[in-house]
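> Got a predicted model here, sequence first, then my questions.
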Amino acid sequence: MQLHERFASPTPGLIAGVVVVQILCIAIPNLWSMALALTLSGGLLLAGYTFFSPRRTLLVALVLNIVLPVKLLFSLALPGGLRLQEGILLAACLFALIDLVYKRGLRLRVTAIDLPVLCLLAATLLSVAVGVAHGHSGSQILRDVRYPFYYAVFFLVTNFVDRRAVLELFAPALVLCGVVVGGEYILEFLGAIDLSVGTRFVRVVRLQGMVLPLAILLVANQFIHNPGRYGRPLLVVVMLPIGLAFVLTVGRGMWVAVGVGILCSALLRHFSLPRAERSAWKPALLVVGLLVVVVGVTALFQRFTGAAIGAHAFQRSLTFIDYERDAPILARLLSYATTLEAIGAHPLLGHGQGAMLNILSIDPETLEPEMIMAGTVDNLYLALWWKMGLAGLLAFTWFYWRVFQRAWRAFKNTRDSQVQVFAAGAVAVMSGMAVLGLSDASMVSGRFALVFAVFFAMVVVATDADDAQTD
């Protein structure tokens with residue numbers, strides 16, 4: 001009897017055996033610790049969900065990479081210095097290879113964006129060679145280069161994830177990750193402040209917060225372009241924890257990025273209507289409605305906790321008018337000047353992976369200035385130019401522009417409402433992230449490079465007119 005037939009018609013002995021194994025997997029680890037039991041049980045559930053499915057394995061890697069705090073990810077590091085998400089990606093590669101050989105006859109799916117991605121990866125390899133030539137530390141080179149190489153996942157997504165999975169699985173997963181991270185932010189904030197002191201404020205800052213602008217703009221575009229699919233009440237409920245956590249970050253760069261994204265969404269809505277039906281107040285009213293939701297829930301939260309959220313946000317907003325009053329911004333501008341000076345020494349090839357800069361920083365606790373050795377700079381474009389030279393900067397810009405074009409064209413031309421909403425969200429997200437890149441380099445530095453690589457591939461898959469369904 002074949003194995004699948006045995007499980008399709010199980011005998012009482014087989015059922016009893018499976019039950020015994022399940023009990024042992026749950027009960028025995030509890031003899032040592034609850035953490036071990038949870039880790040083992042969760043690992044077995046994830047393994048059962050992802051086994052031999054590149055698509056589900058990629059989804060798990062994406063979700064865990066976003067929602068798990070950095071301390072937990074480091075504690076779950078694998079042998080050889082691999083991060084958890086990298087181990088899961090290697091499993092996805094193995095499952096993809098099996099699928100490619102046994103199901104697809106080595107047939108690869110080719111897209112028009114493959115060449116820009118290959119150029120970006122080639123520029124990354126070149127920057128490794130430049131780093132070696134400059135004598136940078138080998139361990140530092142490996143730490144730096146892993147993040148740009150996350151963009152290789154682009155080919156896994158475009159080959160093994162179909163349009164339906166992008167629209168009905170991956171995109172909602174990104175939004176739900178935003179809800180989870182928003183909940184983590186709120187709980188951390190409540191745990192950090194003293195509710196008996198109404199003027200206290202503790203800013204919550206995590207790398208995970210990078211998912212908040214993505215989630216906000218995806219929900220906002222669903223709200224603006226096709227609210228009937230989920231209903232506006234549900235979209236508002238989903239927006240509440242994301243919007244509140246977004247405010248608690250008090251991230252000025254994120255505020256500007258989301259503002260740009262919302263403006264793009266309103267303009268897309270306005271110009272997508274027939275000329276006779278266009279009215280400037282309609283998209284403006286939708287934008288005001290979103291702002292009222294976010295500001296309203298923040299005001300209620302502030303009233304409940306007594307935390308001085310509004311006052312702190314106002315103080316940080318004043319730096320838009322007078323940046324000289326903010327020491328961290330001045331330190332960041334000085335770091336940009338230092339980076340530009342370093343770029344001037346090697347403008348074509350850059351300094352390579354593993355390069356370090358001695359820059360001025362502000363200690364977050366004492367607010368005192370200090371000189372630190374940094375492996376990156378809080379500016380996407382300077383970071384690319386500094387380490388990967390003009391080749392890396394131009395390759396990434398080309399890739400980014402081509403994906404943006406795909407989203408824009410799909411929004412204008414598609415007749416599928418789901419694709420149009422996602423394309424509008426992609427245009428808004430990429431517009432906002434291009435602005436955020438002036439003060440953040442997460443797209444190529446840090447574990448969120450994986451999130452952006454998957455998101456850009458999702459855009460390509462969702463907007464591909466010749467989409468082929470995969471299992």
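Cool, the structure landed.
> which strands and helices sit next to the longest helix along the chain?
The longest helix of the chain (DSSP state H) is helix 380-413. Packing partners of helix 380-413 (3 or more CB pairs under 8 Å, 6 or more residues apart in numbering; DSSP states H and E): helix 114-133, helix 252-272, helix 327-345, helix 417-436, helix 448-462. C-beta here means a position set from N, CA and C on the backbone, and glycine is covered the same way.
> Could you check the angle the third one makes with helix 380-413?
So the one you mean is helix 327-345. 100 degrees (axes from the mean of the first three to the mean of the last three CA atoms, to 10 degrees).
> Make CSV out of the helices and strands packed on helix 380-413 and add mean pLDDT, distance to Tyr185 and mean neighbour count.
Below are these laid out as CSV (pLDDT from 0 to 100; distance: least, CB to CB, whole Å; neighbours: other CB atoms under 10 Å):
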stretch, mean pLDDT, distance to Tyr185, mean neighbour count
helix 114-133, 94, 32, 19
helix 252-272, 85, 12, 19
helix 327-345, 83, 20, 15
helix 417-436, 93, 18, 24
helix 448-462, 94, 16, 24
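> So which residues of the stretch 151-300 of the chain form helices?
153-160, 163-165, 171-192, 211-225, 232-249, 252-272, 281-305 (DSSP state H, counting those that start in this stretch).
> Between those helices, which one is closest to Val451.
With respect to Val451, and counting by CB to CB, the nearest of the helices of the stretch 151-300 of the chain is helix 211-225 at 6.8 Å.
> Now do that closest one against helix 417-436, angle only.
140 degrees.
> and helix 211-225, what's its mean pLDDT?
The average pLDDT for helix 211-225 rounds to 90.
> now it: how far from the chain's centre is it?
Averaging C-alpha positions (CA atoms, centre = their mean, to the nearest Å) puts helix 211-225 13 Å from its chain's average.
> Equivalent analysis for stretch 278-291, please.
With CA atoms, centre = their mean, you get 27 Å for stretch 278-291.
> For Cys264, which residues are in contact?
Listed by CB atoms under 8 Å, 6 or more residues apart in numbering, the contact partners of Cys264 are Val427, Ala428, Ser431, Gly432.
> CSV for the helices and strands packed on helix 380-413, including distance to Gly289?
Output for the helices and strands packed on helix 380-413, formatted as CSV (distance: least, CB to CB, whole Å):
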stretch, distance to Gly289
helix 114-133, 37
helix 252-272, 11
helix 327-345, 32
helix 417-436, 16
helix 448-462, 26
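> Go through these and name the closest to Val60.
Proximity to Val60 (CB to CB) singles out helix 448-462 among the helices and strands packed on helix 380-413, at 11.8 Å.
> Just list the residues touching the nearest residue to Gly425 once chain neighbours are set aside, thanks.
Taking CB to CB, 6 or more residues apart in numbering, and ignoring the residues beside it in sequence, Gly425 has Asn221 as its nearest neighbour in space, at 4.0 Å. Residues near Asn221 by CB under 8 Å, 6+ apart: Ser265, Leu268, Val421, Phe422, Ala424, Gly425, Ala428.
> Would you mind measuring from Asn221 to Val132?
Counting by CB to CB, to the nearest Å, the separation of Asn221 from Val132 is 44 Å.
> Please work out how many residues are found near His136.
By other CB atoms under 10 Å, 21 other residues sit near His136.
> from memory it sits against Leu357, does it?
No. Checked against CB atoms under 8 Å, the pair His136 and Leu357 is beyond contact range at 12.0 Å.
> re earlier: can you lay out the helices of the stretch 151-300 of the chain as JSON lines showing distance to Val451?
Formatted as JSON lines, these follow (distance: least, CB to CB, whole Å):
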{"stretch": "helix 153-160", "distance to Val451": "10"}
{"stretch": "helix 163-165", "distance to Val451": "17"}
{"stretch": "helix 171-192", "distance to Val451": "8"}
{"stretch": "helix 211-225", "distance to Val451": "7"}
{"stretch": "helix 232-249", "distance to Val451": "15"}
{"stretch": "helix 252-272", "distance to Val451": "15"}
{"stretch": "helix 281-305", "distance to Val451": "22"}
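> I'd like to know which of these is closest to Trp398.
helix 153-160 (13.7 Å).
> Could you tell me the angle between the closest one and helix 114-133?
Here helix 153-160 runs at an angle of 150 degrees relative to helix 114-133 (the same axes, to 10 degrees).
> Show me the shaky parts of the stretch 301-450 of the chain.
305-328, 362-368 (pLDDT under 70).
> again, only using 50
Nowhere does the stretch 301-450 of the chain drop to pLDDT under 50.
> can you check the stretch 151-300 of the chain too?
Residues of the stretch 151-300 of the chain that meet the criterion pLDDT under 50 lie in 198.
> so how far is the first residue of stretch 62-78 from its last?
Stretch 62-78 has an end-to-end distance of 17 Å (criterion: CA to CA, to the nearest Å).
> buried sites along that stretch?
Leu62, Val63, Leu64, Asn65, Ile66, Val67, Leu68 (16 or more other CB atoms under 10 Å).
> So which of the residues you listed is the closest to Ile141?
Checking the buried residues of stretch 62-78 one by one against Ile141 (CB to CB), the nearest turns out to be Asn65, at 22.2 Å.
> how about the nearest residue to that closest one, chain neighbours excluded?
For Asn65, ignoring the flanking residues on the chain, the nearest one in space by CB to CB, 6+ apart is Gln85 at 4.2 Å.
> Report the separation between the one you found and Val153.
Applying CB to CB to Gln85 and Val153 gives a distance of 10 Å.
> next one: Val219
In terms of CB to CB, Val219 sits 24 Å off from Val153.
> same deal with Phe170?
12 Å.
> can you check Met433 too?
In terms of CB to CB, Met433 sits 18 Å off from Val153.
> And Leu360, its phi and psi?
With angles defined as degrees, to the nearest 10, Leu360 sits at phi -80, psi 130.
> That one against Ser335, yeah?
Yes. Leu360 lies in contact with Ser335 (CB under 8 Å); the separation is 6.3 Å.
> what sits in contact with each of the two?
Counting by CB under 8 Å, 6+ apart, nothing touches both Leu360 and Ser335.
> So Met373 lies in a helix, does it not?
No. Counting by DSSP: H, G, I helix; E, B strand; the rest coil, Met373 is not found in a helix; it is strand.
> Do I have it right that it meets Gly354?
No. At 12.0 Å, Met373 does not count as touching Gly354 under the criterion of CB under 8 Å.
> Give the residue from those two that has the larger number of neighbours.
Ranked by neighbour count (other CB under 10 Å), Met373 and Gly354 place Gly354 first, with 24 against 8.
> Any figure for the gap between that one and Val145?
Distance from Gly354 to Val145, counting by CB to CB: 8 Å.
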